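Colleague: Coordinates only, no sequence provided:
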């Protein structure tokens, strides 16, 4: 039975799910201490490579199937930073592992397109800090996010 859960609990559930999926695959990972900027989970490659940083975004409900982001995410583009977008809707959770450069560019381009289009009643959209990463974005091909589903090798799209 579906029911709305507190967003704090949804976020915690997403972090634990991602951590579980990493550990299940033999990837050494740990939750970052509370309040660490940009990082929810730290991945330490066993081959001696550089650590990877993961930011988890989780969702349960919403008509556009997207995740809340902000303008700061448009400039967060680092080779060792990945986002895990957890979708708990409708029942079986899905995780999309997307490099930060793809997220930053998609958010930037999508917001530009949104600002250039007219809103309700033909009025221009007003700029604001909120961004949405969605499965159907103006700036991305249809179904773009599916190539990142369960992309645990942290490479480019599989």
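Modeller: Sure, I can see it. Treat the numbers as computed from the prediction; the structure is a model and nothing was measured. Residues are numbered from 1 along each chain as shown.

Colleague: mind listing the strands for the protein?
Modeller: Taking DSSP state E as the criterion, the chain contains strands spanning 29-31, 41-43, 52-59, 67-70, 81-87, 94-99, 130-133.

Colleague: Could you list the low-pLDDT ranges of this protein?
Modeller: 1-5, 155-158 (pLDDT under 70).

Colleague: can you pull up the bridge partners for the nearest residue to residue 100 once chain neighbours are set aside?
Modeller: Counting by Cβ to Cβ, 6 or more residues apart in numbering, residue 100 lies nearest to residue 81, which is 4.0 Å off, once chain neighbours are set aside. In this view, the C-beta of every residue, glycine as well, is placed from N, C-alpha and C. Judged by DSSP bridges, the bridge partners of residue 81 are residue 53.

Colleague: ok, now which ones touch residue 81?
Modeller: Going by Cβ atoms under 8 Å, 6 or more residues apart in numbering, residue 81 touches 38, 52, 53, 54, 55, 99, 100.

Colleague: tally of neighbours for the second one?
Modeller: Residue 52 has 20 neighbours, counted by other Cβ atoms under 10 Å.

Colleague: Can you give me the neighbour number for the closest residue to it other than its chain neighbours?
Modeller: Nearest residue to residue 52, sequence neighbours excluded (Cβ to Cβ, 6+ apart): residue 43, at 4.0 Å. Using other Cβ under 10 Å, residue 43 has 20 other residues around it.

Colleague: same thing with residue 47?
Modeller: If you count neighbours by other Cβ under 10 Å, residue 47 ends up with 4.

Colleague: where's it relative to residue 18, distance?
Modeller: Distance from residue 47 to residue 18, counting by Cβ to Cβ, to the nearest Å: 21 Å.

Colleague: Going along the chain, name the helices of the protein.
Modeller: 7-24, 100-116 (DSSP state H).

Colleague: Take those helices and write them to TSV, including distance to residue 74 and mean neighbour count.
Modeller: Shown next, in TSV, are the helices of the chain (distance: least, Cβ to Cβ, whole Å; neighbours: other Cβ atoms under 10 Å):
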stretch	distance to residue 74	mean neighbour count
helix 7-24	21	16
helix 100-116	4	18
